[in-house]
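1. Have a look at this fold, sequence not included:
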């Protein structure tokens, strides 16, 4: 079984061979972010755990979504389009997202398990839900759904 970093390197080589500039630049940026995270963690092997790697991919996607928003405000649709292509490349490394029903079920289970009754208990519920989601749902989406359930 290959590690996340090995998969990125393999895909990077494939992008080079295919002369896919969008995938190539995106994967190079991702590889750099993974390397930087490994160095910052002090890991002597420069290897990032898969959960941390997924968080980095999620952060890269979020940065590009923010860039798209800024480019569209500035009337630079060609740059926004480039960023959206990069998001597509990064999405391939994310696990399948949870459905609304799965999110609702996790939230209901967390609320009953903690005895949460109001928005004051949101932190308890969010901690449990985020752990169970395991990166398969955006934190913003989860918090909005928890608020709906606790309101």
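-> Arrived safely. Since the model is a prediction, treat every value here as computed from it, not as a measurement.
2. quick one, what contacts the residue nearest in space to the middle of the chain?
-> Centroid check for the chain by Cα atoms, centre = their mean gives residue 58 as the closest residue, at 2.0 Å. The neighbours of residue 58, taking Cβ atoms under 8 Å, 6 or more residues apart in numbering as the test, are 94, 135, 138. Yep, even glycine has a C-beta here, placed from its N, CA and C like the rest.
3. go on, residue 129?
-> With Cβ under 8 Å, 6+ apart, residue 129 has these contacts: 103, 106, 107, 110, 142, 146.
4. Of the contacts of residue 58, which is the nearest to residue 69?
-> Lowest distance from residue 69 to the contacts of residue 58 (Cβ to Cβ) belongs to residue 138, with 15.3 Å.
5. Leaving out the residues flanking it, which one is nearest to the closest one?
-> residue 58 (7.8 Å; Cβ to Cβ, 6 or more residues apart in numbering).
6. Could you chop the chain up by domain?
-> 4-91, 100-150 (automatic domain parsing).
7. any idea how far the first one is from the chain center?
-> So that's domain 4-91. Between the centre of domain 4-91 and the centre of its host chain there is 11 Å, according to Cα atoms, centre = their mean, to the nearest Å.
8. right, and residue 3 touches residue 47 too?
-> Yes. Counting by Cβ atoms under 8 Å, residue 3 touches residue 47, with 7.0 Å between them.
9. and the gap between residue 40 and residue 136?
-> Applying Cβ to Cβ, to the nearest Å, the value for residue 40 to residue 136 is 25 Å.
10. same deal with residue 101?
-> Taken as Cβ to Cβ, the span from residue 101 to residue 136 is 13 Å.
11. So which of the two has more stuff around it?
-> The neighbour comparison of residue 101 against residue 136 (other Cβ atoms under 10 Å) goes to residue 136, with 15 against 8.
12. Can you classify that one by secondary structure?
-> For residue 136, the assignment made with DSSP: H, G, I helix; E, B strand; the rest coil gives coil.
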